[in-house]
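> show me the folded form of this:
(one chain, ligands or ions: 1)
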Amino acid sequence: MSVLVVGSIALDTVKTPVEEHADLLGGSASYAALAASYFSQVRLVGIVGDDFPESEFEFWKSRKIDIDGVERAKGKTFRWSGEYAWDLNTRETRSVALNVFETFKPTLPQSYRQTDFVLLANIAPALQSHVLKQMEKPRFVVADTMDLWIETTRADLDALLPHVDLLILNDSEAREMTKETSLIKAGRKIRSLGPKYVAIKKGEHGALLFGDENEFFSCGAYPLEDIHDPTGAGDTFAGGMAGYLAGTTKNVHFNDLRKAMIYGSVLASFCVEKFSLERLRDLSIEEIEKRYEMFKLMSQFEFAT
Ligand code: AMP
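Okay, the predicted model is just below:
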């Protein structure tokens, strides 16, 4: 089965306390699509300018990512630049240039409209709704969001939420959205706004998953010693989850979501090991499964009394 992924395709400039790199492939859809491609077929929707490297199209094709929905427009590709503090946790956006993204309003190719799984990666919620409205009865809709949309386009986000099966956001965003300090209260409150399931990411402390009252799951993060570039970890997590669900399930149950959350965490742990998408470009299934097994071992406990 396939997953449709819509989001930003960007050229990023990223500065950490030790390195700086310019014009790297980035954007929420780039990370999410590549992560998802390890589990299922991907149909990508986005826009790039005429400065975008042709080699990336070849790369997507080599990963069997369908690029019929990627528009090539006159002008410059969306650009984002961010700088990380010494702890690699806090990040400041240095600049954003929307460029061709400013007028992006995609019309989906006919061949995309019956895709069963949809990942609305991080973009403006009105654009996420615009894409979703063109889909014919998707089975499962995953959406990612960010503080910017909670702060500036809350009505659009609220209008989208009843159509979302799984909403993914980070801990500070969940608190901001609900004005709750407790993440448990926040997760439950967000469910009452529409999504059947909510995943709250806690960075290096793992993630929480909320379903109905009896459904709750908490998973840790992979114990990494060396992080080079945290950019895109959240998008990769979302792509890993959505791709796993599309590739392995028909009707999504809570147990599938638990596994998907671990695969999302595995992919995100690889993402941050190198700059941009470099570490994600040629992962092997064996590497992915090895980390998945490690997650299983980390969460098993049985103490002798
Ligand atoms: P993350 O580290 O998961 O928050 O994702 C960072 C990626 O999101 C970068 O590659 C950026 O190009 C992209 N990005 C940053 N701001 C936006 C925005 N306002 N809309 C869409 N994508 C964005």
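
> buried set for stretch 87-102?
For stretch 87-102, a neighbour-count test (16 or more other CB atoms under 10 Å) marks 88, 99-101 as buried. In short, each C-beta sits where N, CA and C put it, glycine included.

> from those, which is closest to the ligand?
The ligand lies nearest to residue 101 out of the buried residues of stretch 87-102, by CB to the nearest ligand atom, at 7.7 Å.

> right, is stretch 44-57 up against the ligand?
No: against the ligand, stretch 44-57 shows no contacts by CB under 6 Å from any ligand atom, the least distance being 10.0 Å.

> CA atoms of that stretch as CSV?
In CSV, the C-alpha atoms belonging to stretch 44-57 read as follows (Å, rounded to 0.1, in the frame of the first residue of the first chain):
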residue,chain,number,x,y,z
LEU,A,44,5.2,12.9,-2.9
VAL,A,45,3.4,16.3,-3.2
GLY,A,46,5.4,19.5,-3.0
ILE,A,47,7.0,22.3,-5.0
VAL,A,48,10.6,23.2,-5.9
GLY,A,49,12.2,26.0,-7.9
ASP,A,50,14.5,25.9,-10.9
ASP,A,51,17.5,26.0,-8.6
PHE,A,52,16.6,22.6,-7.2
PRO,A,53,19.2,19.9,-7.9
GLU,A,54,18.1,17.4,-10.6
SER,A,55,20.1,14.7,-8.7
GLU,A,56,17.4,14.7,-6.0
PHE,A,57,14.7,13.7,-8.5
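
> write out the residues of this structure neighbouring the ligand.
8, 10, 12, 26-28, 80, 122-123, 148, 231-235.

> out of everything not next to it in sequence, what's closest to the residue in the stretch 1-150 of the chain that the ligand sits nearest to?
Going by CB to the nearest ligand atom, the ligand is nearest to residue 26 of the stretch 1-150 of the chain, at 2.9 Å. With sequence-adjacent residues excluded and distances taken as CB to CB, 6 or more residues apart in numbering, residue 26 is closest to residue 12, at 3.3 Å.

> how close does that neighbour sit to residue 159?
Distance of residue 12 to residue 159, given as CB to CB, to the nearest Å: 29 Å.

> can you show me the helices along the stretch 151-300 of the chain?
In the stretch 151-300 of the chain, the helices defined using DSSP state H, counting those that start in this stretch lie at 154-160, 171-178, 183-191, 233-248, 254-271, 285-299.

> so which of those helices is the most packed in?
Sort these by mean neighbour count, taking mean count of other CB atoms under 10 Å, and helix 233-248 sits at the top with a mean of 28.

> check the offset of that helix from the chain's centre.
Remark: helix 233-248 is offset 7 Å from the chain centroid, using CA atoms, centre = their mean, to the nearest Å.

> now that helix: mean pLDDT?
Throughout helix 233-248, pLDDT has a mean value of 98.

> residue numbering should commence at 696 henceforth.
Sure, I'll start counting at 696 from here, so that last one is helix 928-943.

> report all helices and strands that that helix contacts.
strand 697-701, helix 723-731, strand 812-815, strand 835-839, strand 861-865, strand 892-896, helix 949-966 (3 or more CB pairs under 8 Å, 6 or more residues apart in numbering; DSSP states H and E).

> and these as CSV, adding mean pLDDT?
Shown next, in CSV, are these (pLDDT from 0 to 100):
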stretch, mean pLDDT
strand 697-701, 98
helix 723-731, 98
strand 812-815, 98
strand 835-839, 98
strand 861-865, 98
strand 892-896, 98
helix 949-966, 97
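
> got the contact list for residue 830?
Applying CB atoms under 8 Å, 6 or more residues apart in numbering, we find residue 830 in contact with 699, 803, 808-810, 813.

> so which of the helices of the stretch 846-995 of the chain gets nearest residue 732?
helix 928-943 (6.7 Å; CB to CB).

> endpoint to endpoint, stretch 909-927 covers what distance?
31 Å (CA to CA, to the nearest Å).

> so for that stretch, what gets flagged as buried?
By neighbour count on 16+ other CB under 10 Å, the buried set for stretch 909-927 is 912, 914, 916-917, 922-927.
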